[in-house]
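S.K.: Give me the fold of what follows.
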Amino acid sequence: MSQSHSAKRDAVLAIDDEIDFLLLLKSTLQLQGFSVHTASNPAEGIQFYEERLHEIGLVLLDFFMPEMTAEDVFECLQRLDPDVRVVLVTGYDREVAEPLFERGLRDYIQKPFCVKELGERVRSALAT
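M.R.: Numbering: from 1, shown residues only. Sure thing, here's the model as predicted:
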């Protein structure tokens, strides 16, 4: 485990432009014991990550957002922290995530998903 991902980095940052989904994601994960922060647009998410990257162990990232693509956001996060852990959360098929897997994407979760599965996948991504 690299030093940048010490035990302190266990919070989750969710970046999604759908506010209702963000609130659902946050409450679902909090009920499972996770500390969750949210950002409703890419710029806000990138800025939050930069300011608190010592706390954030995992970023849950929507694929399609109006301002930036997931690939652009992922690239910005990697510039801030080459070891950033990102899980893509989208309603689209896994093939949209393939280019990101080649660049270090940790996992992909397709909407709709089971609450239990979400918690397990987040826990797994934080542990690796």
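S.K.: what's the average pLDDT for the strand ranked longest in the chain?
M.R.: Identified as the longest strand of the chain according to DSSP state E is strand 56-62. Strand 56-62 shows a mean pLDDT of 97.
S.K.: One more: stretch 43-52?
M.R.: 98.
S.K.: Return the alpha-carbon coordinates of it using CSV.
M.R.: What follows is stretch 43-52, C-alpha atoms only, in CSV (Å, rounded to 0.1, in the frame of the first residue of the first chain):
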residue,chain,number,x,y,z
ALA,A,43,-15.2,21.4,-11.0
GLU,A,44,-16.6,21.3,-7.4
GLY,A,45,-15.5,17.6,-7.1
ILE,A,46,-12.0,18.3,-8.4
GLN,A,47,-11.6,21.3,-6.1
PHE,A,48,-12.9,19.3,-3.1
TYR,A,49,-10.6,16.4,-3.8
GLU,A,50,-7.6,18.8,-4.1
GLU,A,51,-8.4,20.4,-0.8
ARG,A,52,-9.0,17.1,1.1
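S.K.: ok, the longest strand of the chain: who's next to it in the sheet?
M.R.: Sheet pairing for strand 56-62, assigned by DSSP bridges, gives strand 11-15 (parallel), strand 86-90 (parallel).
S.K.: per-stretch mean pLDDT over those, give me the minimum one.
M.R.: Note on these: strand 86-90 shows the lowest mean pLDDT, a mean of 95.
S.K.: from the middle of its chain, how far away would it be?
M.R.: In terms of C-alpha atoms, centre = their mean, to the nearest Å, the gap separating the centre of strand 86-90 from the centre of its chain is 6 Å.
S.K.: before we move on, back to that, adding mean neighbour count and distance to residue 116 as columns, could you present the strands paired with strand 56-62 in a markdown table?
M.R.: In this view, the C-beta of every residue, glycine as well, is placed from N, C-alpha and C. Output for the strands paired with strand 56-62, formatted as a markdown table (neighbours: other C-beta atoms under 10 Å; distance: least, C-beta to C-beta, whole Å):
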| stretch | mean neighbour count | distance to residue 116 |
| --- | --- | --- |
| strand 11-15 | 24 | 16 |
| strand 86-90 | 22 | 15 |
